[in-house]
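Undergrad: sequence and predicted structure, then a few things I'm wondering about:
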Amino acid sequence: MGIFSRLTDIVNSNINSILDKAEDPEKIIRMVIQEMEDTLVEVRSGAAKSIADQKDVERRLKKLSKAQSEWEKKAELAISKGRDDLAKGALIEKNKVADMATLLEEEVAHLRDALHRNEEDVIKLEAKLREARAKKATIQARHSTVSAKVRVKRNLHDNRIQDAFDRFDKVDARLDRVEAEAESYDLGKGQTLAEEIAGLEASDAIEQELAALKAKKAGTTPPAVKKTAASK
């Protein structure tokens with residue numbers, strides 16, 4: 001089973017569990033991102049192991065290549081000494097080493113293949129992870145907006161709010177009655193004698209100022225303003 005197939009199975013299983021519990025969408029996307037991050041760590045760990053194994057096999061291959069050269073030299077030495085039997089034995093050992101090297105070369109090819117697949121998985125997974133993180137921001141924003149709308153709608157349809165406004169109306173009506181009562185105490189009350197005299201004095205002062213302005217404009221002396229009885 002491939003990395004993405006297994007990841008899909010895990011994610012789908014968890015999402016179904018969350019949906020069964022009516023969990024919020026933010027939790028779903030967080031769970032998806034967490035699974036992808038965990039899988040990315042696992043894939044990179046597998047890639048690191050493949051690299052280490054490949055290096056180990058390549059070191060062994062170098063040793064086997066050196067061993068083949070040494071057995072070939074031994075065979076040549078045996079031939080030069082007229083010992084064909086020893087030369088044959090050396091060549092047999094060389095072939096054994098060559099067979100082992102062939103197996104290790106196949107193993108290296110498999111490891112390189114696995115490493116290449118891991119690299120492709122990492123690239124794809126990182127791209128999907130970036131996409132999921134961007135999606136998370138969008139989902140969070142939408143979820144916040146929708147949640148706020150739901151709270152507003154719920155409040156607008158909440159009888160307690162209407163009851164509160166009804167109480168406000170009653171308070172307004174009560175304040176209107178109190179204000180009307182306070183204003184009623186002033187009904188029928190005329191000006192006092194002192195207030196009337198003060199009004200006359202204010203009127204005389206205005207008349208005098210007006211006459212002065214006219215005289216100034218005409219270049220004459222302003223007429224004397226008659227004083228009220230109160231100012232005499």
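TA: Perfect, thanks for sending it.

Undergrad: low-confidence stretches in this protein?
TA: For the chain, applying pLDDT under 70 flags the ranges 1-25, 140, 143, 146-147, 150, 152-166, 168, 181, 183-197, 220-232.

Undergrad: quick one: neighbours of D121, just the number.
TA: Applying other CB atoms under 10 Å, we find 21 residues neighbouring D121. Bear in mind the C-beta positions are built from the backbone N, C-alpha and C, glycine included.

Undergrad: so it makes contact with V43?
TA: Yes: between D121 and V43 there is a contact under CB atoms under 8 Å: 5.1 Å.

Undergrad: ok, which stretches of this structure are helices?
TA: Under the criterion DSSP state H, the chain carries helices at the ranges 3-20, 25-80, 84-156, 159-184, 193-218.

Undergrad: now, of these, which is deepest in the fold?
TA: Burial among the helices of the chain, expressed as mean neighbours by mean count of other CB atoms under 10 Å, is greatest for helix 25-80, which shows a mean of 15.

Undergrad: that one packs against which elements?
TA: Contact partners of helix 25-80 among helices and strands, from 3 or more CB pairs under 8 Å, 6 or more residues apart in numbering; DSSP states H and E: helix 3-20, helix 84-156.

Undergrad: quick one: the closest residue to A87 other than its chain neighbours from L86, how far?
TA: Counting by CB to CB, 6 or more residues apart in numbering, A87 lies nearest to A78, which is 3.9 Å off, once chain neighbours are set aside. According to CB to CB, to the nearest Å, A78 stands 4 Å off from L86.

Undergrad: same check, this time on D172
TA: Taking CB to CB, one finds D172 at 121 Å from L86.

Undergrad: which residues does the closest residue to M100 other than its chain neighbours contact?
TA: Closest residue to M100 apart from its sequence neighbours, by CB to CB, 6+ apart: L64 at 5.8 Å. The contact partners of L64, taken as CB atoms under 8 Å, 6 or more residues apart in numbering, are V97, A98, M100, A101, L104.

Undergrad: go with 6 Å
TA: If you count contacts by CB atoms under 6 Å, 6 or more residues apart in numbering, L64 has them with V97, M100, A101.

Undergrad: same question for D53.
TA: Contacts of D53 by CB under 6 Å, 6+ apart are L111.

Undergrad: can you do 10 Å?
TA: For D53, the contacting residues are E107, V108, H110, L111, A114, L115, by CB atoms under 10 Å, 6 or more residues apart in numbering.

Undergrad: got it, and S45?
TA: Neighbour list for S45: N118 [criterion: CB under 10 Å, 6+ apart].

Undergrad: and it, how far from N118?
TA: Taking CB to CB, one finds S45 at 10 Å from N118.

Undergrad: wouldn't L104 be in contact with A67 here?
TA: No: the criterion here is CB atoms under 10 Å, and L104 misses it with A67 at 12.0 Å.

Undergrad: just give the nearest non-adjacent residue to A47, would you?
TA: N118 (4.0 Å).

Undergrad: what about that neighbour, distance to T102?
TA: Taking CB to CB, one finds N118 at 25 Å from T102.

Undergrad: ok, back up a step: mind listing what the residue nearest to A87 touches?
TA: D84, D85, L86, A87, K88, G89, A90, L91.

Undergrad: let's have the residues you listed in TSV, adding distance to D53.
TA: Formatted as TSV, those follow (distance: CB to CB, whole Å):
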residue	distance to D53
D84	41
D85	40
L86	37
A87	36
K88	36
G89	33
A90	31
L91	31
